[in-house]
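Peer 1: please find the sequence and the predicted model below.
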Amino acid sequence: MGYRDEYDRAATDPEGFWMDAAQAIDWDRMPSRALFDRGGPVPEWYCDGLVNTCWNAVDRHVEAGHGDRFAIIHDSPVTESVARLTYVELRDRVAVLAGTMTARGVGTGDRVVIYMPMIPEAIVAMLACARIGAIHSVVFGGFASPELAIRIDDAKPKAVLAASCGIEPSRVVEYGPLLAGALNQAEHEPDCILILQRNRCHAEMQEGWEDWVAAQHGVAPVECVPVQADHPAYILYTSGTTGAPKGVVRPTGGHLVALEWTMTNVYGVAPGEVFWAASDVGWVVGHSYIAYAPLIHGCTTIVFEGKPVGTPDATTFWRVMADHEVSVFFTAPTAFRAVKREDPKGELASRFDLSALRTIFLAGERADPDTVEWIERTTGKPVIDHWWQTETGFAIAANPMGLEPLPVKSGSPSVPMPGYQVEVLDEGGTAVAPGALGAIAIKLPLPPGTLPTLWNAEERFRKSYLTTFPGYYETGDAGMLDEDGYLWIMARTDDVINVAGHRLSTGGMEEVLSTHPDVAECAVIGAADPLKGQVPVGFLCLNAGAQRAEADIVADCVRLVRERIGPVAAFHQAVCVPRLPKTRSGKILRATMAKIADGETVATPATIDDPAILDEIRDALATLGRGRG
């Protein structure tokens, strides 16, 4: 069956569609049906089934005779090392760590905070929690003490599993003092703290802290503990508009079914192949497509401890793909923009054998056509943009390469996936015509694996996602559906600006700016204007080796927007900057930049990769007479 048949079946017979999909998972007790409406905020899936995530991700492959297959490849250019774990080695490590936590009183339903860099032990820790039914909450390694403390107080973990440090291209980030500071600030006190001492930096052990290795000596491995399918697999905190983090809850059974379905139908990857998501386990991509989906599907997953440039240079992605014969690669567009900026002509990839690589997937932010075309030209491989959120856990819209590859429309993440009934609505909740800009919403129920609520915040869940458009999940993104049913994500709803009564997408302007041959990366924000309400302001990062004067490039860009979008955009101001402020997952902090442009006091976002960039943005805006200037 092709895409349209599968999509229509999921819409008209969700019960049959998702019960069939559930057959790909090992259940201790098969659910009696797929969809349960129990009076909660949204309907839920497979609730009376019993299942274990760790069994499905590890043990069942060993039992099926694939124990010698590599489960994890750890490629760490920052430590100049590569390590490999087979499925049987992974099972044994996970079972002993699970036994270590069990011996310290951690059990089903208890929370465990994991605070680690991109090392195999982070995956081992996640799976060990899943093995005994504990609920993990991974916090990005190196997060500041106050933010870590907030998450500790919200999740109230029985245990914290941490490493002594993270290793960046130019520095070592000591986690010990950050963890100690968080524990001093937090009201909640965990019972158990295990510290993995890394060679580059040993943490100073505090009272009650235990050494990761010593704590596991002589510990007997434990078996998988089945849990109800609606039992939370994990809590993943995402930034909220109020500044307080939102704890997205991931249900165990639906998570397993959805991820397995996507590996076959979206990514088109086979068991035994190498799948690489160049993300971090602190983000949802790292949860879904480093730690879980590849292992559930029986693939080899790559845990990469490095950067697209600077570890040591812009060849790193190509080198890892070639060294490990990667079949399918997944990263954020911003990672490739960094590579493109260093290698505008795309010459470096030709040094490496990429013959095993079939497909490159992008997600995390809009994939501008210029970057997509550069990747395609450089690699000769199909580049597939797809769109999803922390809340959904997997793709809302994609090109289903394993089910039926569809024609690519550059700039679009293609079509809604089965289970997602996507509509574009006006402010009154009425569907707009094809091609018209509006708020993107998903008709309830959401498919399996998506969030059923927020941790200890059901009312906030309702207010954040379900109130604006009753009967729908509000995505917070703006865009359109075209006449062929392709979805176009233009901006966050907050990034649609109102210029003299005209609703305009900043994403559309960024798409135009990115076509300039000297522009490696760009961002457009809406800044307050006394006459027009808002006007766009552009930020341009130039390619390495750009020869023309910055003023000439800015003039070109202003002319490009005027020609392609029109004078209505009122695009007159742009400035060249060395870099853009981003989260550690690569998303540009446009809302923060807009506040700076409007002269507001801005608190440094907890997720920012380098706080020093904000001063660079303030200086650039001052040259335009904005912000503090």
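Peer 2: Structure's in. What do you need? Numbering: from 1, shown residues only.

Peer 1: I'd say Leu560 and Glu510 touch.
Peer 2: No - taking contacts as CB atoms under 8 Å, Leu560 lies outside contact range of Glu510: 11.4 Å. C-betas here are computed from N, CA, C, even on glycine.

Peer 1: of these two, who's got more company?
Peer 2: Using other CB atoms under 10 Å, the more surrounded residue of Leu560 and Glu510 is Glu510, with 27 against 18.

Peer 1: you'd agree the more buried one is up against Glu365?
Peer 2: No - using CB under 8 Å, Glu510 makes no contact with Glu365, being 9.9 Å away.

Peer 1: Ile497 contacts Pro536, correct?
Peer 2: Yes - taking CB under 8 Å as the definition, Ile497 is a contact partner of Pro536 at 6.4 Å.

Peer 1: what touches both of the two?
Peer 2: Leu504, Thr506, Gly526 (CB atoms under 8 Å, 6 or more residues apart in numbering).

Peer 1: return the members of these classed as buried.
Peer 2: If you count burial by 16 or more other CB atoms under 10 Å, the buried members of these come out as Leu504, Thr506, Gly526.

Peer 1: against Leu425, how distant is the nearest residue to Ile489 once chain neighbours are set aside?
Peer 2: Excluding the flanking residues, the one nearest Ile489 by CB to CB, 6 or more residues apart in numbering is Gly479, at 4.5 Å. Per CB to CB, to the nearest Å, Gly479 is found 11 Å from Leu425.

Peer 1: the buried ones among the shared contacts of Ile497 and Pro536 into a markdown table, with extra columns for distance to Cys224 and pLDDT?
Peer 2: Output for those, formatted as a markdown table (distance: CB to CB, whole Å; pLDDT from 0 to 100):
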| residue | distance to Cys224 | pLDDT |
| --- | --- | --- |
| Leu504 | 53 | 78 |
| Thr506 | 47 | 86 |
| Gly526 | 51 | 92 |
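
Peer 1: of the residues you listed, which belong to strands?
Peer 2: Leu504, Gly526 (DSSP state E).

Peer 1: and of the buried ones among the shared contacts of Ile497 and Pro536, the nearest to Ala349?
Peer 2: Proximity of those to Ala349 (CB to CB) peaks at Thr506, which lies at 30.8 Å.

Peer 1: which ones are touching the closest one?
Peer 2: Ala491, Asp495, Val496, Ile497, Ala523, Val524, Ile525, Gly526, Pro536, Arg590.

Peer 1: does the fourth one sit in a helix or strand, and which one?
Peer 2: Okay, so that is Ile497. strand 496-499 (DSSP states H and E).

Peer 1: by contact count, what packs against that strand?
Peer 2: Applying 3 or more CB pairs under 8 Å, 6 or more residues apart in numbering; DSSP states H and E, one finds that strand 496-499 contacts strand 502-505, strand 519-529, strand 533-542.

Peer 1: again, only using 7 Å
Peer 2: strand 502-505, strand 533-542 (3 or more CB pairs under 7 Å, 6 or more residues apart in numbering; DSSP states H and E).

Peer 1: tell me what Lys443 is bridged to.
Peer 2: For Lys443, the beta-bridge partners are Gln421, Tyr472 (DSSP bridges).

Peer 1: pLDDT value on it, please?
Peer 2: Lys443 is assigned a pLDDT of 98 by the prediction.

Peer 1: cool, and the one 10 residues further on?
Peer 2: What the model reports for Thr453 is a pLDDT of 97.

Peer 1: make sure it is actually in contact with Gly247.
Peer 2: No - in this structure, Thr453 is not within contact of Gly247 by CB atoms under 7 Å, at 9.3 Å.

Peer 1: tell me which of those two has more neighbours.
Peer 2: Between Thr453 and Gly247, Gly247 has the larger neighbour count (other CB under 10 Å), namely 25 against 21.

Peer 1: go ahead and confirm Glu147 touches Thr607.
Peer 2: No - the criterion here is CB under 7 Å, and Glu147 misses it with Thr607 at 8.5 Å.

Peer 1: now Phe461: which helix or strand?
Peer 2: Judged by DSSP H and E, Phe461 forms part of helix 458-461.

Peer 1: swap in Ile73?
Peer 2: With DSSP H and E as the criterion, the answer for Ile73 is strand 70-76.

Peer 1: chain center to the next helix or strand after that strand, what's the gap?
Peer 2: Counting by DSSP H and E, the next helix or strand C-terminal to strand 70-76 is strand 81-86. How far strand 81-86 lies from its chain's middle: 24 Å, per CA atoms, centre = their mean, to the nearest Å.

Peer 1: again with stretch 304-318
Peer 2: The answer for stretch 304-318 is 19 Å, by CA atoms, centre = their mean.

Peer 1: what about stretch 191-206, average pLDDT?
Peer 2: Stretch 191-206 comes out at a mean pLDDT of 97.

Peer 1: stretch 402-420 too?
Peer 2: Mean predicted confidence for stretch 402-420 is 96.

Peer 1: the chain should start at 56 in everything you say after this.
Peer 2: Okay, residue one is now 56; in that scheme the one you just asked about reads as stretch 457-475.

Peer 1: got any ranges where this structure has weak pLDDT?
Peer 2: 294-298, 546-550, 556-558, 640, 683-684 (pLDDT under 70).

Peer 1: run the angle between the host helix or strand of Ala390 and strand 588-597 for me.
Peer 2: Using DSSP H and E, Ala390 maps to helix 388-397. Helix 388-397 and strand 588-597 are oriented at 50 degrees to each other (axes from the mean of the first three to the mean of the last three CA atoms, to 10 degrees).

Peer 1: check which residues of helix 388-397 are buried.
Peer 2: Pro388, Thr389, Ala390, Phe391, Arg392, Ala393, Val394, Lys395, Arg396, Glu397.

Peer 1: off-centre distance for it?
Peer 2: 17 Å.

Peer 1: for the residue nearest to Thr163 when sequence neighbours are not counted, give me its contacts.
Peer 2: Counting by CB to CB, 6+ apart, Gly188 is the residue found nearest to Thr163 once chain neighbours are left out, at 3.3 Å. Neighbouring residues of Gly188 by CB atoms under 7 Å, 6 or more residues apart in numbering: Gly162, Thr163, Gly164, Val280, Val282, His286.

Peer 1: one step back: hang on, the residue nearest to Ile544 in a helix?
Peer 2: No - Gly534 sits outside any helix when classified using DSSP: H, G, I helix; E, B strand; the rest coil, being strand.
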